[in-house]
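> Structure for the following, please:
(2 chains)
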Amino acid sequence: GEDVEQSLFLSVREGDSSVINCTYTDSSSTYLYWYKQEPGAGLQLLTYIFSNMDMKQDQRLTVLLNKKDKHLSLRIADTQTGDSAIYFCAELNSGGYQKVTFGTGTKLQVIP
Amino acid sequence: GAGVSQSPSNKVTEKGKDVELRCDPISGHTALYWYRQRLGQGLEFLIYFQGNSAPDKSGLPSDRFSAERTGESVSTLTIQRTQQEDSAVYLCASSLGQDLGNTEAFFGQGTRLTVV
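Residues are numbered from 1 along each chain as shown, chains lettered A, B, ... in the order given. Modelled structure (predicted):
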């Protein structure tokens, strides 16, 4: 079955880089996602990567995918206090029926 | 509709009462998910619908929890004989669910359930 795991908490200083890690088990994953949940708000899609890519860059965000190790990471450069949120990793599998499986989320705390 | 709609947005209920939570997914989305998020914690998967059937209901925490979906549209999550540990935000999400490549999941704002 599918399983997506993340560490629960990460604390960084403002201006430093943040790296949030995620591991998944489903080798048939086609897309992998990062969602962001700001305090008191709903989940919003932040970025995604197709499984045949190794890296995707979008302004301060860099997504790295190691398909062999089933490891996904999100790097936030020059982390700001506004980046404080819970970040959820998710995978889309296409075995039989399409289903998105979410990790439990990593709470990022940015210290001024 | 324009987005995933959940109702009520807030619900306070007495311990032992039954509650029904409603989710209106985005029109045309065949996949629908229910999650629970306790205060300050991550997402806890409850159940997944593809159309009107639920191929994965592995996350329902007990037989007090049930969900149904009709018309490949609205879903209701029912919690019977509520307990204080059921207090949480219940989130619904929907996605296209078809073999169309990237399929983003869109979340509703959630129903905050408080059992007193």
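
> Please name the residues that touch A:Thr104.
A:Thr104 makes contact with A:Glu5, A:Gln6, A:Leu8, A:Phe88, B:Gln41, B:Gly42, B:Leu43, B:Glu44, according to C-beta atoms under 8 Å, 6 or more residues apart in numbering or on different chains. C-beta here means a position set from N, CA and C on the backbone, and glycine is covered the same way.

> Closest residue of chain B to chain A?
Residue nearest to chain A within chain B: B:Gly42 (3.2 Å; C-beta to the nearest C-beta).

> count of neighbours near that residue?
18 (other C-beta atoms under 10 Å in any protein chain shown).

> go on, the one 3 residues further on?
For B:Phe45, the tally of surrounding residues (other C-beta under 10 Å) stands at 19.

> Just confirm it contacts B:Leu60, I think it does.
No - assessed by C-beta atoms under 8 Å, B:Phe45 is found out of contact with B:Leu60, at 9.5 Å.

> if we can go back for a sec, in strands only, show me the contacts of A:Thr104.
Per DSSP state E, strands hold the following members of those: A:Glu5, A:Gln6, A:Phe88, B:Leu43, B:Glu44.

> where exactly do the strands run in chain A?
Here chain A has its strands, by DSSP E, at A:4-6, A:9-13, A:18-24, A:29-37, A:43-50, A:55-58, A:61-66, A:71-76, A:85-93, A:99-102, A:106-111.

> For those strands, give me JSON lines that also has distance to chain B, mean neighbour count and mean pLDDT.
Shown next, in JSON lines, are these (distance: least, C-beta to the nearest C-beta, whole Å; neighbours: other C-beta atoms under 10 Å in any protein chain shown; pLDDT from 0 to 100):
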{"stretch": "strand A:4-6", "distance to chain B": "8", "mean neighbour count": "20", "mean pLDDT": "91"}
{"stretch": "strand A:9-13", "distance to chain B": "10", "mean neighbour count": "13", "mean pLDDT": "96"}
{"stretch": "strand A:18-24", "distance to chain B": "12", "mean neighbour count": "19", "mean pLDDT": "96"}
{"stretch": "strand A:29-37", "distance to chain B": "5", "mean neighbour count": "22", "mean pLDDT": "89"}
{"stretch": "strand A:43-50", "distance to chain B": "4", "mean neighbour count": "18", "mean pLDDT": "90"}
{"stretch": "strand A:55-58", "distance to chain B": "12", "mean neighbour count": "12", "mean pLDDT": "94"}
{"stretch": "strand A:61-66", "distance to chain B": "14", "mean neighbour count": "17", "mean pLDDT": "96"}
{"stretch": "strand A:71-76", "distance to chain B": "15", "mean neighbour count": "20", "mean pLDDT": "96"}
{"stretch": "strand A:85-93", "distance to chain B": "6", "mean neighbour count": "24", "mean pLDDT": "90"}
{"stretch": "strand A:99-102", "distance to chain B": "5", "mean neighbour count": "22", "mean pLDDT": "82"}
{"stretch": "strand A:106-111", "distance to chain B": "8", "mean neighbour count": "18", "mean pLDDT": "95"}
